[in-house]
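In: predicted model and sequence follow; I will ask about them next.
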Amino acid sequence: MSTPISILTVCLGNICRSPTAEATLREAAAEAGLAVDVDSAGTGSWHVGNPPDARMRAAGEQVGLAIDGQAQRVEPAALAAADLVLAMDRSNLTDLRRLAGSAGITTPLVLFRDFDPEATGTAEVPDPYYGGPDGFAEVVRICRRTSERLVAALAEGGVDGALRARRADA
Ligand code: 4NP
C-alpha cells in the first residue's frame, strides 16, 4: 500500500464538525480504497479530552456513521505533519493561517466546503452547537457529500490534484 495521505480537519471545539468530517473522510476513503490518515483538532481548548458532542454522535448514529475521538487543540506540529488541512469555517481558516504563518508552516490550508459539490461561493460548515437537531443532521449530510468528492479528487490526483479540483467559484 502506498504512503497514506495525511489529513487534518479543524473546527472550533473539535466536538461537532471536525470529528464528523474526520469520520466521513475515513468512510469515503475506505469505500474508495484510498489510504488516508485522518485526524481532527479544534482551535479552542474548552473541550480538550472530551468525546464528540452527544447530539453530534446521535445524528451520525441515525445514518450509520460512528463519530468518535477525543478533542484536542490544534498544534503547529500537527499542521506541519499533515499533507492537507481542512478548516470547517472561515474563522477557523483565519486562525490556522495565523498559527501556520508564525511557525513558517507551508501545509495547504483550505476550506473543507471548497469541495462540496452542492455549495456555491465561500461556504462554511455551519456551527450546530447552539441550534437544534436539524443542524447536526445537516452537518452529517454536508460532510458526507463533501468527503466523497474530496476523496475522489485525492484518488485521481493526490493533494495537488485535489487542490486544483476545488470548486471554481470557491
Ligand atoms: P465545533 O462546535 O467547533 O463544531 O466542535 C462547537 C463546539 C463547542 C463550542 C462551539 C462550537 N463552544 O462554544 O463551546
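Out: That came through, no problem.
In: and stretch 27-47, does that touch the ligand?
Out: Yes. Interface with the ligand: stretch 27-47 contributes 42, 46 (Cβ under 6 Å from any ligand atom). All C-beta atoms are positioned from the backbone trio N, CA, C, and that covers glycine.
In: my guess is residue 49 meets residue 69, correct?
Out: No. Contact between residue 49 and residue 69 fails when scored by Cβ atoms under 8 Å: they sit 10.7 Å apart.
In: helices or strands up against the longest helix seen in the chain?
Out: Longest helix in the chain, counting residues (DSSP state H): helix 133-164. Helices and strands in packing contact with helix 133-164 are listed as strand 5-11, helix 17-32, helix 54-62, strand 84-87; criterion 3 or more Cβ pairs under 8 Å, 6 or more residues apart in numbering; DSSP states H and E.
In: now render these as TSV, adding mean pLDDT.
Out: Listed next are those as TSV, based on pLDDT from 0 to 100:
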stretch	mean pLDDT
strand 5-11	99
helix 17-32	99
helix 54-62	98
strand 84-87	99
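In: could you dump those into CSV and include distance to residue 106?
Out: Shown next, in CSV, are the helices and strands packed on helix 133-164 (distance: least, Cβ to Cβ, whole Å):
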stretch, distance to residue 106
strand 5-11, 14
helix 17-32, 21
helix 54-62, 32
strand 84-87, 11
